[in-house]
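**Q** Got a sequence here, can you model it:
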Amino acid sequence: MNLTFRSNNQFHQPVIKAIQRRLLLSLYGLGTNAGLKAVSAGNYLESYRKLRYIRQKFIHKYHLRKANAEVTNHIIYHRQKEVWGEATTACPSASKHFGSLDQNLLSEWHPRYKRQGVMIYWHTDRKSACIYSQLKSCLSSEVAAMIEGGLRHCTDMEIDRNYVDTHGQSVVAFAFCHLLGFKLMPRFKEYRFSKVISPETGMNEEYPHLQPVLSRPINWGL
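**A** Model prediction:
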């Protein structure tokens, strides 16, 4: 009996091609934010279950973070300066609410938006290039998310100052940002009802336009 055997490489070729195809489709779905279900719906060869397996097996958070950093670095370095201006070391950050299923463990009722969901906290440069994003629950601290993004953004950008809204600041946040080497620059809502502490004793007279909101000086010993 005359038998012919193919090499292991020949046996593996169809499997390798299938994995490559599923990997490209998974990366396309994640990179375009279309999602794996939408990509699988337009491809009769690959099901959502197969793409999800590839996603869990081969595409890890570290890889996605590194890919995002590479893309962001190229955007910052190669965009036209006459249109976008020079890259700066300032970074604004804020959160945005997204609806999600009740079964999601991070889903919470948001008292301001009056619905279930999660929050995505974004860090961007001054020209709107996202350098870091993270998933957080609705009621978790924005201060912690702000510090995490400043430390783990993985791009070549060195953050000198971080602009936040009222929810992204606190006394603890100012202390940690000072220790970590960047300035916290919050935008306060309803500032006319707040009191501003002067840096030193006897300096209130140097700020005549701020007299209505100035109070005691900072207790630096505390």
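**Q** now the helices for this protein?
**A** For the chain, applying DSSP state H gives helices covering 8-31, 36-41, 48-58, 61-78, 81-84, 142-152, 171-180.
**Q** Run a quick neighbour tally on residue 33.
**A** 7 (other C-beta atoms under 10 Å). Yep, even glycine has a C-beta here, placed from its N, CA and C like the rest.
**Q** and what of residue 116?
**A** Neighbours around residue 116, by other C-beta under 10 Å: 16.
**Q** And it, how close does it get to residue 194?
**A** Separation of residue 116 from residue 194 (C-beta to C-beta, to the nearest Å) stands at 32 Å.
**Q** Please list all residues in contact with residue 162.
**A** Counting by C-beta atoms under 8 Å, 6 or more residues apart in numbering, residue 162 touches 90-93, 123, 146, 150, 177, 182-185.
**Q** Identify the residue nearest the geometric centre of this protein.
**A** Nearest residue to the geometric centre of the chain (C-alpha atoms, centre = their mean): residue 133, 1.2 Å.
**Q** tell me the contacts of the residue nearest to it when sequence neighbours are not counted?
**A** Closest residue to residue 133 apart from its sequence neighbours, by C-beta to C-beta, 6 or more residues apart in numbering: residue 122 at 5.1 Å. For residue 122, the contacting residues are 93-96, 130, 132-133, by C-beta under 8 Å, 6+ apart.
**Q** cool, and residue 187?
**A** Neighbours of residue 187 in contact, by C-beta under 8 Å, 6+ apart: 163-166.
**Q** Which ones among those residues map onto strands?
**A** 163-164 (DSSP state E).
**Q** starting at the chain centroid, how far to the least confident helix or strand in the chain by mean pLDDT?
**A** When each helix and strand of the chain is scored by mean pLDDT, DSSP states H and E, helix 81-84 comes last, with a mean of 76. Centre-to-centre, helix 81-84 and its host chain are 24 Å apart (C-alpha atoms, centre = their mean, to the nearest Å).
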